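**Q** sequence? don't have it. structure:
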């Protein structure tokens, strides 16, 4: 193993104090140019590398920001992160990413890992039920910004989309197409985004004079298998639905696969709309209608809110709540040729 | 802004030296139990938090490992990372992730970011042309492991799949199905995995007495648009191909989309096989044949190689080259009902 040289080794070699070496390396004006050059030369000869982490500790700036997401292998979160990187890289910031799989304990561990890494900011799409771990971030004066899945906290900015409107628009679209028995795959209703989509769904039903039927709502977990299971359950009902609004594209895909193996026609027998505009929804021969959330823009805005916060020299707390408007994307899975209306 | 208390504040409050406070907080045996308790109590009352990073600097252990990948939003890399996490989390390690978009400069910046974060190990699927940045990692005595996209370096372990065999099997499968004019979407041939797949393709042609035709090889960049463009180019040839072996599922998908808009029958007119077994290849109504790379297993093995390395008390350099065998997955895009052979 190669010996690691310290400033003490340089000090010994030059017969000066370690403090002088340190000051020279840090370009302290009290140290002569000649000494600085001598120290730098010796340091180089010994293969000494300044510990950048130690410098970060001193300056309180690592130029890294941490991003925590439920999962990295979704186009939605991938695009948000790309937006963050595109905005922050030109300012010399690097982005390090952690995933939680929606597990609260893992989210807390990730926050620890990032704080220990001395990040300059943390952006979270949270799966946590309470705010204790976020208060730790704030106590350390590390800027915290929520995106997509937020908690409402004083002095904390967030960038989200209007999930209520997304749910409302998707449901209204199905109603406009003549659907009257609309099921909903809800996701975990403890998570704000899913609860908002569900609320939008209910409101659209009410506004159109359609009864809300509890057994039409199935809790799913954003994966193909859950979508299949949910459809199996719905088809067993006395009055099966004529449409499904899924809070996730993955569940919508599972639903479509299951319906096709049972020879249902989509959208004629059952219309299906998802949420997020994952790329596969467009690629399918039977393309899937969905709700676009503009993830790239969400990432860019999150980064801008952060830059505004760190560049705010007056250290005034900035709280910014940005809400993006989602957009309905109509494709084959809901596009009936003859509308029954 | 909340005042951050330091050990000097605690020392002042108790009228003892900062050194004593520091020793008490670090459970130094030379400090009496009474003093330790007093210091801890005062620290707690003041809301003083020990800087874990400073501790990491001292102990040289952060319990974080860094993973660098070209992109996070692919199922392949997502699954490798999941494998790493599943294996390392039980040992108290947290995984922080960086993406490079295949950009060498960004890869170097990510390595810096991770080294500055004092990670205990770095796992890279590299896009770099040379090894200089990796030598920096080794100089700092941070364990380095390559997975999937490796460089050959002494004393550095790697976990890869046999891309040559993958390319060979895919091409042989097309030949077995009666195809004779087989095109190849190659990816960047400076990257070892793509070069190996290409070599496997060429060898399979040779072994079956089929001439290698240079204009059948199109360089692509793992995305749908490149697949479409490549097909347009190939269809303009005097003898267009009757099959495509794509080194990436994304390009294969683009090829299929373009061929269908031009009313080619798949697999009858042109067979298409991809590489990686991305989930969408299975979900499509016209499911796409591909080569599975067992990414979850790759991640788990990478993590195990790391654990072996850090738990090796004798500080012997371990160099392990693990090569997984890929598996051909035959789906509709190459499954001809009547084989012409």
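**A** Sure, I can see it. Values in this document were obtained by computation on a predicted structure and should not be read as measured data.

**Q** ranges for the strands of the stretch 101-250 of chain A?
**A** Along the stretch 101-250 of chain A, counting by DSSP state E, counting those that start in this stretch, strands occupy A:121-124, A:144-147, A:157-161, A:182-185, A:217-218, A:243-246.

**Q** buried deepest among those strands, which one?
**A** The highest mean neighbour count among the strands of the stretch 101-250 of chain A, using mean count of other Cβ atoms under 10 Å in any protein chain shown, belongs to strand A:243-246: a mean of 30. Just so you know, the C-beta spots here come from the backbone N, C-alpha and C atoms, and that holds for glycine as well.

**Q** on that earlier part again, of the strands of the stretch 101-250 of chain A, which is nearest chain B?
**A** strand A:121-124 (12.0 Å; Cβ to the nearest Cβ).

**Q** now do the closest one, average pLDDT.
**A** Mean per-residue pLDDT for strand A:121-124: 97.

**Q** pull up the pairing partners for that strand, direction included.
**A** Partners of strand A:121-124 in the sheet, by DSSP bridges, are strand A:64-69 (parallel), strand A:144-147 (parallel).

**Q** and those strands as CSV, adding mean pLDDT?
**A** Shown next, in CSV, are the strands paired with strand A:121-124 (pLDDT from 0 to 100):
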stretch, mean pLDDT
strand A:64-69, 96
strand A:144-147, 97
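
**Q** using JSON lines, lay out those strands together with distance to residue A:244.
**A** Below are the strands paired with strand A:121-124 laid out as JSON lines (distance: least, Cβ to Cβ, whole Å):
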{"stretch": "strand A:64-69", "distance to residue A:244": "26"}
{"stretch": "strand A:144-147", "distance to residue A:244": "27"}
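
**Q** quick check: residues of the stretch 101-250 of chain A near chain B?
**A** Residues of the stretch 101-250 of chain A lying near chain B by Cβ under 8 Å from any Cβ of the partner chain: A:106, A:109-110, A:112-119, A:139-141, A:224.

**Q** of those residues, just the buried ones, ChimeraX syntax please.
**A** Applied in ChimeraX, the following selects the buried portion of these according to 16 or more other Cβ atoms under 10 Å in any protein chain shown:
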select /A:106,109,110,112,113,114,115,116,117,118,119,224
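
**Q** how about the residues of the stretch 101-250 of chain A next to chain B, which pair is most distant?
**A** Using Cβ to Cβ, these reach their maximum pairwise distance at A:141 and A:224, which is 42.7 Å.

**Q** and the pLDDT at residue A:304?
**A** Note for residue A:304: predicted pLDDT of 94.

**Q** buried sites along stretch A:296-315?
**A** By neighbour count with 16+ other Cβ under 10 Å, stretch A:296-315 contains the buried residues A:296-307, A:309.

**Q** my bad, should have said stretch A:322-341
**A** The neighbour-count check on stretch A:322-341 (16+ other Cβ under 10 Å) flags A:322, A:324, A:326, A:328, A:329, A:331, A:333, A:334 as buried.

**Q** that stretch and chain B, are they touching?
**A** No: using Cβ under 8 Å from any Cβ, we find that stretch A:322-341 stays clear of chain B, coming within 11.5 Å at best.

**Q** re earlier: just curious, which of the buried residues of stretch A:296-315 is nearest to residue B:145?
**A** Nearest to residue B:145 among these, counting by Cβ to Cβ, is residue A:299 at 29.5 Å.

**Q** and the closest residue to the closest one other than its chain neighbours, how many residues sit next to it?
**A** Residue nearest to residue A:299 in three dimensions, not counting chain neighbours: residue A:83, with 2.3 Å by Cβ to Cβ, 6 or more residues apart in numbering or on different chains. Under the neighbour criterion other Cβ atoms under 10 Å in any protein chain shown, residue A:83 is assigned a count of 22.

**Q** okay, the residue nearest to residue A:331 when sequence neighbours are not counted and residue A:116: tell me how far apart.
**A** Take residue A:331 and drop its neighbours on the chain: the residue closest to it by Cβ to Cβ, 6+ apart is residue A:287, 3.8 Å away. Distance of residue A:287 to residue A:116, given as Cβ to Cβ, to the nearest Å: 45 Å.

**Q** please apply the same query to residue A:18.
**A** Between residue A:18 and residue A:116 the computed distance is 27 Å (Cβ to Cβ).

**Q** residue A:189 too?
**A** The spacing between residue A:189 and residue A:116, counted by Cβ to Cβ, is 33 Å.

**Q** and what of residue A:184?
**A** Remark: distance between residue A:184 and residue A:116 (Cβ to Cβ) = 41 Å.

**Q** try residue A:132
**A** Distance, residue A:132 to residue A:116, using Cβ to Cβ: 18 Å.

**Q** equivalent analysis for residue A:122, please.
**A** Distance from residue A:122 to residue A:116, by Cβ to Cβ: 12 Å.

**Q** next one: residue A:6
**A** Distance of residue A:6 to residue A:116, given as Cβ to Cβ: 23 Å.

**Q** not counting its neighbours along the chain, what's nearest residue A:277?
**A** residue A:292 (4.2 Å).

**Q** any regions of the stretch 1-150 of chain A where pLDDT drops low?
**A** A:1-4, A:49-60 (pLDDT under 70).

**Q** the helices in it, which residues?
**A** For the stretch 1-150 of chain A, the helices defined by DSSP state H, counting those that start in this stretch cover A:7-14, A:18-25, A:33-46, A:52-59, A:75-88, A:104-116, A:132-139.

**Q** list the buried residues of the first one.
**A** Yep, that's helix A:7-14 we're talking about. For helix A:7-14, burial by neighbour count (16+ other Cβ under 10 Å) applies to A:7, A:9, A:10, A:11, A:13, A:14.

**Q** and the helices of the stretch 1-150 of chain A, which is most packed in?
**A** Each of the helices of the stretch 1-150 of chain A was assessed for mean neighbour count using mean count of other Cβ under 10 Å. The highest is helix A:75-88, with a mean of 23.

**Q** that one to helix B:104-116, inter-axis angle?
**A** 90 degrees (axes from the mean of the first three to the mean of the last three Cα atoms, to 10 degrees).

**Q** how far off centre is helix A:75-88?
**A** Mean C-alpha position of helix A:75-88 versus that of the full chain (Cα atoms, centre = their mean, to the nearest Å) differs by 9 Å.

**Q** what packs against that helix?
**A** Judged by 3 or more Cβ pairs under 8 Å, 6 or more residues apart in numbering or on different chains; DSSP states H and E, helix A:75-88 is in contact with strand A:64-69, strand A:94-99, helix A:295-310.

**Q** can you name the residues in contact with the first one?
**A** What that stands for is strand A:64-69. Residues outside strand A:64-69 that contact it (Cβ atoms under 8 Å, 6 or more residues apart in numbering or on different chains): A:77, A:80-81, A:84, A:88, A:93-100, A:107, A:110-111, A:114, A:117-126, A:306, B:96, B:113, B:116-117.

**Q** how close does the residue sitting furthest away from the middle of chain A get to residue A:184?
**A** Note on chain A: the largest C-alpha distance from the chain mean falls to residue A:15, namely 53.5 Å (Cα atoms, centre = their mean). Using Cβ to Cβ, residue A:15 is found at 77 Å from residue A:184.

**Q** skip the chain neighbours and tell me the closest residue to residue A:266.
**A** residue A:333 is the one closest to residue A:266 (Cβ to Cβ, 6+ apart), at 5.5 Å.

**Q** phi first, then psi, for that neighbour.
**A** Note on residue A:333: its backbone torsions stand at phi -70, psi -10 [degrees, to the nearest 10].
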